[in-house]
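J.: Everything below, folded, please.
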Amino acid sequence: MIVLLLYLCIILSMSNLLKNIHVSINSKLYLKDPLTSSLGNNILNGAINLIDQLGFEQFTFKKLALEIKTTEASIYRYFENKHKLLLYLTNWYWGCIATRLLFETNNISCPEERLKKAIHILTSLPDPNTELLLNNEQMLKRIVINEASKALITKEVDQENQDGFFSVYKDVVRKVVEIIKEINDDYPYPNMLVSSMIEGSNQQRFFAEHLPRLTNTNKSNDSIENFYLDLVFKTIQP
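T.: Numbers count the residues shown, from 1 in each chain. Have a look, this model is predicted:
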């Protein structure tokens, strides 16, 4: 019992520490940093709520202005358009994931255990009691599952990549690739494996919610996390 209580205290302390960490966002994604004002924070929180409720296609700055009781013009002072706002939110999410990877794997010496932890962070739904950096991170995760591809697969992707809009996401992939190389430096496709795991697990979450016959679910455990644990470790075996 004492050991369990100590473990819970450590987890809660880590969670509180992480919540105080500022996630750096590419300055080209906004006109005015929304984290520097109460209105900016309201824009972010309101956008997360509305995109989660309505979907990105139905989301507009006009609806957001009504939701947070401000004007469209005020929102446009922070973001050029809703595409940049979605990119901001997905970067915010990946910044949180990068922070979790750093803190939750830093003191694990065994690369196999670090990889298991990384797969958990990347493929699971965050535990609201111990794993959230943001109060609305669960909604943000759903937005990444349902909407993030709409910010990525566009005609402007090459220019946006040059502007560094996907650097945080790529850094997350790089961190996990480094762990895989510790386990098997001869495996030839680590970047492909990690990005496929991330995108595939999000797609499986979408299938589980909307098209369940396209995936395998199990109420007693997380089938999606377990599938990618099995897939990744079998794939990288020397």
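
J.: can we go C-alpha only for contacts and neighbour counts from here?
T.: Fine.

J.: Compute the distance between residue 103 and residue 114, please.
T.: According to Cα to Cα, to the nearest Å, residue 103 stands 11 Å off from residue 114.

J.: Mind checking which of those two has more residues around it?
T.: The neighbour count for residue 103 versus residue 114, taken as other Cα atoms under 10 Å, is higher for residue 114 (20 against 13).

J.: Tell me, how many residues neighbour the nearest residue to that one once chain neighbours are set aside?
T.: Nearest residue to residue 114, sequence neighbours excluded (Cα to Cα, 6 or more residues apart in numbering): residue 105, at 5.5 Å. Per other Cα under 10 Å, the neighbour tally for residue 105 reads 17.

J.: any idea how far residue 105 is from residue 136?
T.: Relative to residue 136, residue 105 is positioned 23 Å away (Cα to Cα).

J.: Select the longest helix from the chain.
T.: Secondary structure of the chain read by DSSP state H shows that its longest helix is helix 82-105.

J.: any residues touching that helix, and which ones?
T.: 18, 23-25, 29-30, 44, 48, 60-61, 79, 114, 117-118, 121-122, 133, 137, 140-141, 144, 148, 151, 165-166, 168-169, 171-172 (Cα atoms under 8 Å, 6 or more residues apart in numbering).

J.: Tell me which of the residues you listed fall in helices.
T.: Those of those lying in helices (DSSP H): 18, 44, 48, 61, 114, 117-118, 121-122, 137, 140-141, 144, 148, 151, 168-169, 171-172.

J.: Residue 203 reaches residue 142, doesn't it?
T.: No: using Cα atoms under 8 Å, residue 203 is not in contact with residue 142, being 11.0 Å away.

J.: Show me which of the two is the more surrounded one.
T.: More crowded of residue 203 and residue 142, by other Cα under 10 Å: residue 142, with 18 against 15.

J.: number of nearby residues for the closest residue to that one other than its chain neighbours?
T.: In this structure, residue 142 finds its nearest non-sequential neighbour in residue 52, 6.9 Å apart by Cα to Cα, 6+ apart. Residue 52 has 20 neighbours, counted by other Cα under 10 Å.

J.: Please report how far residue 52 lies from residue 174.
T.: From residue 52 across to residue 174, the span is 29 Å (Cα to Cα).

J.: for residue 50, same thing?
T.: Counting by Cα to Cα, the gap from residue 50 to residue 174 is 32 Å.

J.: more crowded one of those two?
T.: Taking neighbours as other Cα under 10 Å, residue 50 and residue 174 compare with residue 50 leading, 19 against 16.

J.: residues contacting that one?
T.: Applying Cα under 8 Å, 6+ apart, one finds that residue 50 lies in contact with 59, 64.
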